[in-house]
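# The sequence and its predicted three-dimensional model are supplied below.
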Amino acid sequence: MGRKLPGLVNRSGLRLVDVEAHVTISSELAGDALMRIDEIARSLQRGVSDLAPEEVTQWRAEMTNAAFSGDFFYAETAFVALASRD
């Protein structure tokens, strides 16, 4: 979605003024990382992919195991656009 942001803003009739990237990182399965991993797992369980429910359960367990072993790392980038009508 990020690479499409300028075009989306331009097609909306607005002028793109600036774009900021906000990065969330965590080496612990807690806070924002935990919420996002659980959100992803719930979405996958509801069938937004071709993964079988058992595969989703296994992936979620792997995230927990990685956190306990110190191998977990989470990163997510959000892009915020500032646009103007002029």
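Nice, I can see it.
# Every contact and neighbour count from this point should use C-alpha atoms.
OK.
# Any idea which residue is closest to the centre of the protein?
Geometric centre of the chain, nearest residue: residue 76, 5.1 Å, by CA atoms, centre = their mean.
# pretty sure that one is in a helix, no?
No - counting by DSSP: H, G, I helix; E, B strand; the rest coil, residue 76 falls outside a helix, being strand.
# Test for you: state the pLDDT assigned to it.
Per-residue confidence (pLDDT) for residue 76: 95.
# ok, now residue 84?
For residue 84, the model assigns a pLDDT of 95.
# can you give me the strands in the protein?
15-26, 74-84 (DSSP state E).
# Residue 41 is nearest to which of those?
Closest approach to residue 41 among those is made by strand 74-84 (14.4 Å; CA to CA).
# which residues are in contact with the closest one?
2, 5, 9, 14-28, 33 (CA atoms under 8 Å, 6 or more residues apart in numbering).
# and what of stretch 7-14?
15, 16, 83, 84, 85, 86.
# If you drop the residues flanking it in sequence, what lies closest to the third one?
The reference is to residue 83. In space, and not counting its chain neighbours, residue 83 is closest to residue 16: 4.5 Å by CA to CA, 6 or more residues apart in numbering.
# Check what pLDDT residue 7 gets.
According to the prediction, residue 7 has pLDDT 89.
# Distance-wise, check it relative to residue 78.
17 Å (CA to CA, to the nearest Å).
# go on, residue 54?
In this view, residue 54 and residue 78 are 30 Å apart by CA to CA.
# try residue 6
Using CA to CA, residue 6 is found at 14 Å from residue 78.
# go on, residue 57?
Applying CA to CA, the value for residue 57 to residue 78 is 26 Å.
# Mind giving me the PyMOL select for the contacts of strand 74-84, buried ones only?
Selecting only the buried entries of the contacts of strand 74-84 in PyMOL, with 16 or more other CA atoms under 10 Å as the criterion:
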select buried, resi 9+16+28+33
